[in-house]
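> would you be able to build a 3D model of this:
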Amino acid sequence: MNIIEELKNLNVGEVLENVDIRKYTTYRVGGKATALVYPDDEYNLIELIKFLKNKNIKYKIIGRGSNLIFVGELYDGVLIKLDKFDKLEIRENEIIVGSGYQLIKLATRLSRMGYTGIEFATGIPGSVGGAVYMNAGAYKSDMGYIVKCVKVLTPKLKIKELTNYDLNFHYRSSFIQEHTGYICLEVTLILKKGNPDEIMQLIEDRKKRLELWNKINEYGNGYISFKRLNYQLNKYLKLPRIVKNKMPIKLAFDAVSKKYSKYGIKKEDCLIEWMEFRIFLVYLRQFFEYWIMFEKEDDSGDHNITLDEFKKAFPQMKNWGIEISGIGAEKEFQYIDKNNSGIISFEEFCSYAINKSLNLEEDDGFDDEELKNLK
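A predicted model of the protein is given here:
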């Protein structure tokens, strides 16, 4: 009797033979595996592993196959998928879910129901068990913030509960990852209730930013230069007013790429990655608001503000959150004009606007379609 027949005779779940590993990994690479088994439940998983250990057959638990690469043409062993471990029980703020449940499906479903805290996971592929294993996360959050406890199978094939403290979550790491042989079976999450509309809007905004980054980062190398970024923003966001001048983009780019200076990298050679790109968009929207303000004061259109132009803008500046009398105009002008050139540059105006917390009101009578594109 061969191994496939023996596995089928165990009656522990569905057994597939000579499987193409590429079908079960997100990278779509790899050769063949001797067998793939879908255990029906915890008891059958234990029986399966006992059998494999007794036969000295190697095995590997896999989730949804994200971040998983098999090297070689043949995995001479048994792959185990816990897809049938997909229970979902919701008890007020406590959610009990099987380790084989799809993380994106869970996060999206709970978010739509108004649960907050798991929004970060709506774009993370893989299973719930895999997410706990590697402490998956995004947007300054991760599984360690929401997991209450986890039911595991120990290397001695005993079922045990590990608390959040026991799991020792760290950046992309957990107790289960650091201790070979532990298998995640079931996870209990603790979430708070929020506003469903606000939660879904947050998720949609993040999705749009990621889609924009994937378009802009067309070569898929994970970083982009200022020159390329400027070109791509013009192509995809349609921001002719700021792309033409470049200053708002340059200031936003410089703000997020400052860290490279400590490594001796010249400013013109700096690059930004996805994490910085998200912050870049926040800066860009703010600097674009300042650019609109700046344009309103710059009557001559020479990209500088004179004292006379500054005085004429007083009524408008009141709407932005600051009131200046005619008497204090020159003093305030000199305060903004840091290099004493007799004119205010856009960079100087931005420093002043940040310091004074100036805010462009939406009823100020400007066309804000471009601003909406930067939301």
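
> residues near the residue nearest to Leu157 when sequence neighbours are not counted, how many?
Excluding its sequence neighbours, the residue lying closest to Leu157 (C-beta to C-beta, 6 or more residues apart in numbering) is Ile46, at 5.2 Å. In short, each C-beta sits where N, CA and C put it, glycine included. By the criterion of other C-beta atoms under 10 Å, Ile46 has 17 neighbours.

> try Asn44
With neighbours defined by other C-beta under 10 Å, the count for Asn44 comes to 17.

> for the remainder of this discussion, apply numbering that starts at 129.
Will do, 129 is the new start, and the previous item becomes Asn172.

> which strands and helices sit next to the helix or strand harbouring it?
Using DSSP states H and E, Asn172 sits within helix 170-182. Under the contact definition 3 or more C-beta pairs under 8 Å, 6 or more residues apart in numbering; DSSP states H and E, helix 170-182 sits against helix 131-138, strand 160-167, strand 202-209, strand 275-281, strand 311-318.

> can you list the strands that the shortest one pairs with?
Sheet neighbours of strand 275-281, with direction, are listed as strand 287-291 (antiparallel), strand 311-318 (antiparallel) (DSSP bridges).

> what's the most buried one of these?
strand 311-318 (a mean of 22; mean count of other C-beta atoms under 10 Å).

> ok, Glu404 - contacts?
Taking C-beta atoms under 8 Å, 6 or more residues apart in numbering, we find Glu404 in contact with Val384, Ser385.

> can you add distance to Ala441 and mean pLDDT and give the helices and strands packed on helix 170-182 back as TSV?
What follows is those, written out as TSV (distance: least, C-beta to C-beta, whole Å; pLDDT from 0 to 100):
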stretch	distance to Ala441	mean pLDDT
helix 131-138	79	93
strand 160-167	69	95
strand 202-209	65	94
strand 275-281	54	98
strand 311-318	52	98
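
> out of these, which gets nearest to Asp294?
Nearest of those to Asp294, taken as C-beta to C-beta: strand 275-281 at 8.1 Å.

> buried sites along the closest one?
Val275, Cys277, Val278, Lys279, Val280, Leu281 (16 or more other C-beta atoms under 10 Å).

> report the inter-axis angle for that strand versus helix 170-182.
Here the directions of strand 275-281 and helix 170-182 differ by 50 degrees (axes from the mean of the first three to the mean of the last three C-alpha atoms, to 10 degrees).

> list of residues touching whatever helix or strand comes next after the helix holding Asn172?
Using DSSP H and E, the helix or strand that follows helix 170-182 towards the C-terminus is strand 187-190. By C-beta under 8 Å, 6+ apart, the surrounding residues in contact with strand 187-190 are Tyr152, Ile177, Leu180, Leu196, Tyr203, Gly205, Val206, Leu207, Ile208, Lys209, Leu210, Ile311.

> I'd say Pro376 and Ile420 touch.
No: look at Pro376 against Ile420 with C-beta atoms under 8 Å: they stay out of range, at 9.4 Å.
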